[in-house]
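Participant: Next input, structure requested:
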Amino acid sequence: MGIDWLAFVSVAVVSVVAACFVVTVYSVGLRFWSAADTRAGKYTIKDDGTVGPATAGFPLPGQTPPGVRLYRSLAVVCFAVCAAAVLYGIYLIVPQFH
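Facilitator: Residues are numbered from 1 along each chain as shown. I've put the predicted structure just below:
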């Protein structure tokens, strides 16, 4: 009885790459969501360089600034890709699904 080191290393490498992929895509989705909030006027950059909630100047619902829907859509796509990757990983782990 021995250990198949090539299989062990390949599983370890695929696991690390997949985890990094999911974390990266999720963080990009969060960045797109934050950019949409900033373009929508929910946050403003103050004079001292800090970011805080906007107290005035919210656009009306019919007046969505350009890029907000695009950034929200890209964020949702990133979150969907993460969910699909996680569900596929669960599918691979649970033998009853095969």
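Participant: can you pull the contacts of the most centrally placed residue in the chain?
Facilitator: Residue closest to the average C-alpha location in the chain (C-alpha atoms, centre = their mean): Tyr26, at 2.1 Å. The neighbourhood of Tyr26, defined by C-beta atoms under 8 Å, 6 or more residues apart in numbering, consists of Cys78, Phe79, Cys82. (Glycine included, C-beta is placed from N, CA and C.)
Participant: Among those, which lie within helices?
Facilitator: Cys78, Phe79, Cys82 (DSSP state H).
Participant: From those residues, list just the buried residues.
Facilitator: Cys78, Phe79, Cys82 (16 or more other C-beta atoms under 10 Å).
Participant: Please tell me I have it right and the last one contacts Gly29.
Facilitator: Yes. Between Cys82 and Gly29 a contact is recorded at 7.1 Å, counting by C-beta atoms under 8 Å.
Participant: Strands of this protein, start to end?
Facilitator: 43-45, 51-53 (DSSP state E).
Participant: Give me the below-cutoff pLDDT ranges for this structure.
Facilitator: Counting by pLDDT under 70, the chain has low-confidence residues at 54-62.
Participant: Scan it for its longest helix.
Facilitator: Max-length helix for the chain by DSSP H is helix 5-40.
Participant: for it, which positions count as buried?
Facilitator: 22, 25-26, 28-29, 32-33, 35-40.
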